[in-house]
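Participant: Can you look at this prediction? I've put the sequence above it.
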Amino acid sequence: MPSMAHSEARDFTKTKQPNGKIVKNGPKDESRRQKIAQQRKSLPITSVERQLVEEVRKNDTLIIVGETGSGKTTQLPQFLFNAGFCRDGKVIGITQPRRVAAVTVAKRVAEECGVELGQKVGYSIRFEDATSSSTRIKYMTDGLLLREALLDPFLSRYSVVIIDEAHERTVHTDVLLGLLKNVQKTRSQSTSQMSSLEKMKASNGTVLEKDNHAQSQSFQKSYHGTKFSPLKLIIMSASLDARGFSEYFGGARAVHIQGRPYPVDILYTHHAEPDYLEATLITVFQIHLEEGPGDILVFLTGQEEIESVERLVQERVQQLPEGSRNLLVIPMFSSLPSEQQMRAFRPAPSCSRKVILATNIAETSVTIPGIKYVIDPGLVKARSYNPITGMESLIIIPTSKAQALQRSGRAGREGPGKCFRLYPENEFSKLVDSTVPEIKRCNLSNVILQLKALGVDDIIGFDFMEKPSRMAIVKSLEQLYLLGALTDDYKLSDPVGHQMARLPLDPIYSKALILANQFNCLEEMLITVAMLSVESIFYTPREKLEEARAARKCFSSAEGDHLTLVTVYRASAEWLEKVKMANNKDKTAERSLSKWCKENFINNRSLRHARDIHSQIQGHVEQMGFRVASCGDDMLQFRRCLAAAFFLNAALRQPDGSYRALASSQVVQIHPSSVLFRTKPECIIFNELVRTNHNYIRNITRIDPLWLPELAPQYYATQN
Ligand code: CDP
Ligand code: MG
């Protein structure tokens, strides 16, 4: 083994655990179809196709539990399609908690069916739709199905809805479960009791009429004289928590699909690792240099971390002797453009090894072939909500036992594997058994807004599988009221509440756009909201700190981070325009934009994602009849608009240079990455709270404290 400062070997202790199952990967195009057919035949689910279809016929609600990789997500919809569940043009909908899963699985299934994506098989995720009128198997995010319910309250296009990855218990999954329970009940009663439909029509009619005429018409059409066929509901889950789901659905039947596990060696460190990223790097190279062939999957907590480890691995690979440089680093996180996500699924070039740096999307949502080694630092980034302060933040916490098991299982899919847990063995027993459902640790204003728009007024009485605390519900109701989305009696307000419910954004951002329309700065706010929707626009490599800082200065605005983001976006758009004028070729322009990003230390992936989001939201606001106007040089106007929108996140400077958030009285600090880090203005608004060892706030603009009672009297005029 070549000697390298960073490759000091780690000692791991070892326990055995069986896991995983067979995966094969067909690389060459010619034989690919055959290989895929063969692969499908060998999936555990294939041998039980007939029984499964029979179970779905017999049971309106079915719970299917099966090891990740057993073929649930890709095969079951095809089984049901072939069994005639799409007769009369009906659609099978499969929800995924993550965008990346919806996209990659739809691509795979389209390929398996030998059809073009967007035809028989398609996907639909927020800001991207690849479906057509001929789509019968539709993968989508759970959030998207919730939005569809706004337009089609009975989900009348669907004969089957499959809630996949239900064990993840995202807030959208939990709300969907409650909603689908109702829809299912109503639809099965529909043929005999048309009168109950009349009632529902009346209660939903208000929303639909206000939304727009076309939607209302489509509702009429689907409703009028229709005999709704019963809705088949299938809940799929990787881990074994079928009982909870079954109880919630009145003792619904649960079936288990057996996996074919290969043993996975679990290795722990002897001591706690002080720096888990460094420990990760060391372990990557230890595997690369000492272990047999097989790809490596590393679980990290987010885009920023992944990108910094990506750079470090690339740097260190260069220090290896030439014969050992065959290590290919591939990032994998949910906001990565889909064509880049696909890289992880391609086999590594011969004689080289892939190392995939992924967030927990690779735990269960996506199946990456070729993995033999898993590195698990044991951490995950999670949402956390404090109902007392009303603030939501992202924190890095230890995984649950269930997550750790899922992660290690990724190593044993094609043969025996190894999982390196970067913590001592006694730590494992201290982990919680399973993750707390998201609905119990997030701000509920988005959920409440959607439920209200669906005609569910009694939020506290809603049949949640696991009820959020009363305090969290009340706090979120109060926030929505302060944003003007709800009336005094907590009904959706007109037009603001209805407009906010239509926009696929956090309520606070939707409100910002509505206000910007009035403040004549919608152009600036659209850019701001798009840029705030992605992670880390700037990137600062450790070895080029000064250069990166200098580059960032060119975009910096003394007013704050929001305007800085607007400046970056506009500069990139101007650059793109110029290149397009000169070349007239989209491809060249895109390539040239990556170069521009690199020179300016802008994260190309994030910027592209922001551009996509921008064009989608622009479509929405234009449909709502808003005119995208700019306030030109009148920055005061834009800042006033920011203050009016984000008044709940205002903070005042304290004598010691820290800040006090006005709504929560929490002490917070300006994050060093903010352009206002040094200037420290007297009064600011911010968009993000990051909890590490400090309460850091990010994305900040300076405002005049006198604006608050003027622009948000509903909140500040009553305070002293
Ligand atoms: O849903 P479940 O975890 O049970 O399995 P699946 O996602 O249906 O995957 C079944 C098999 O399809 C995997 O083991 C892979 O071999 C293959 N697959 C793939 O090659 N590419 C994808 N994007 C998805 C699945
Ligand atoms: Mg699956």
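Facilitator: In hand now; what should we look at? Ligands and ions are numbered 1, 2, ... in the order given.

Participant: Now the residue in the stretch 151-300 of the chain that ligand 2 sits nearest to. Its backbone dihedrals?
Facilitator: Proximity of the stretch 151-300 of the chain to ligand 2 (Cβ to the ion) peaks at residue 164, 5.7 Å away. (C-beta placed from N, C-alpha, C; glycine too.) Main-chain torsions, residue 164, degrees, to the nearest 10: phi -90, psi 160.

Participant: Let me know whether residue 650 touches residue 659 as I believe.
Facilitator: No: look at residue 650 against residue 659 with Cβ atoms under 8 Å: they stay out of range, at 9.6 Å.

Participant: shared neighbours of these two, anything?
Facilitator: Common contacts of residue 650 and residue 659 (Cβ atoms under 8 Å, 6 or more residues apart in numbering): residue 684.

Participant: tell me the centre residue of this protein?
Facilitator: In the chain, the residue lying closest to the centroid (Cα atoms, centre = their mean) is residue 98, at 5.1 Å.

Participant: can you pull the contacts of that residue?
Facilitator: Here residue 98 is in contact with 141, 165, 334, 361, 365 (Cβ under 8 Å, 6+ apart).

Participant: For this protein, which residues are neighbours of ligand 2?
Facilitator: Proximity of the chain to ligand 2 (Cβ under 5 Å from the ion) is limited to residues 72, 73.

Participant: now with 6 Å?
Facilitator: Selection of the chain residues close to ligand 2 by Cβ under 6 Å from the ion yields 72, 73, 164.

Participant: Make sure the second one is indeed in a strand.
Facilitator: To tie it back to what came earlier, the one meant is residue 73. No: looking at residue 73 with DSSP: H, G, I helix; E, B strand; the rest coil, it is helix, so not inside a strand.

Participant: isn't it right next to residue 234, touching?
Facilitator: No: Residue 73 is beyond contact range of residue 234, at 11.2 Å (criterion: Cβ under 8 Å).

Participant: Buried residues of stretch 514-531, list them for me.
Facilitator: Residues 514-517, 519-531 are the ones in stretch 514-531 that count as buried (16 or more other Cβ atoms under 10 Å).

Participant: cool, and stretch 572-588?
Facilitator: Buried residues in stretch 572-588, counted by 16+ other Cβ under 10 Å: 572, 575, 576, 579, 580.

Participant: cool, and stretch 660-680?
Facilitator: Neighbour-count burial for stretch 660-680 flags 661, 662, 663, 664, 666, 668, 670, 671, 674, 675, 676 (criterion: 16+ other Cβ under 10 Å).

Participant: ok, how many other residues are close to the closest residue to residue 111 other than its chain neighbours?
Facilitator: Among residues not flanking residue 111 along the chain, residue 36 sits closest, at 6.9 Å (Cβ to Cβ, 6 or more residues apart in numbering). Applying other Cβ atoms under 10 Å, we find 17 residues neighbouring residue 36.

Participant: helix/strand/coil for residue 36?
Facilitator: Strictly by three-state DSSP, residue 36 counts as helix.

Participant: shouldn't it be in contact with residue 112?
Facilitator: Yes: using Cβ under 8 Å, residue 36 makes contact with residue 112 at a distance of 5.8 Å.

Participant: Just to check, residue 690 is in contact with residue 391?
Facilitator: No: using Cβ under 8 Å as the test, residue 690 is too far from residue 391 to be in contact (11.1 Å).

Participant: Of those two, give the one with the bigger neighbour count.
Facilitator: More neighbours surround residue 391 than the other of residue 690 and residue 391, with 22 against 16 (other Cβ under 10 Å).

Participant: Residue numbers of the protein in contact with ligand 1?
Facilitator: Listed as neighbours of ligand 1 in the chain under the rule Cβ under 6 Å from any ligand atom: 23, 39, 43, 66, 68-75, 104-105, 108, 345, 367, 369.

Participant: Looking at the residues you listed, which are in helices?
Facilitator: The helices, defined by DSSP state H, take in 39, 72, 73, 74, 75, 104, 105, 108 from the residues of the chain next to ligand 1.

Participant: So what's the residue count around the closest residue in space to the fifth one that isn't next to it in sequence?
Facilitator: Think residue 75. Spatial nearest neighbour of residue 75, excluding adjacent residues (Cβ to Cβ, 6+ apart): residue 45 at 5.0 Å. By the criterion of other Cβ under 10 Å, residue 45 has 22 neighbours.

Participant: now the strands for the stretch 251-400 of the chain?
Facilitator: Applying DSSP state E, counting those that start in this stretch to the stretch 251-400 of the chain gives strands spanning 253-257, 262-269, 295-299, 327-332, 353-358, 371-376, 379-386, 391-398.

Participant: Got a quick ChimeraX command for the buried subset of the residues of the chain next to ligand 2?
Facilitator: A single ChimeraX command selects the buried members of the residues of the chain next to ligand 2 (16+ other Cβ under 10 Å):
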select :72,73,164
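
Participant: Kind regards, and thank you for your time.
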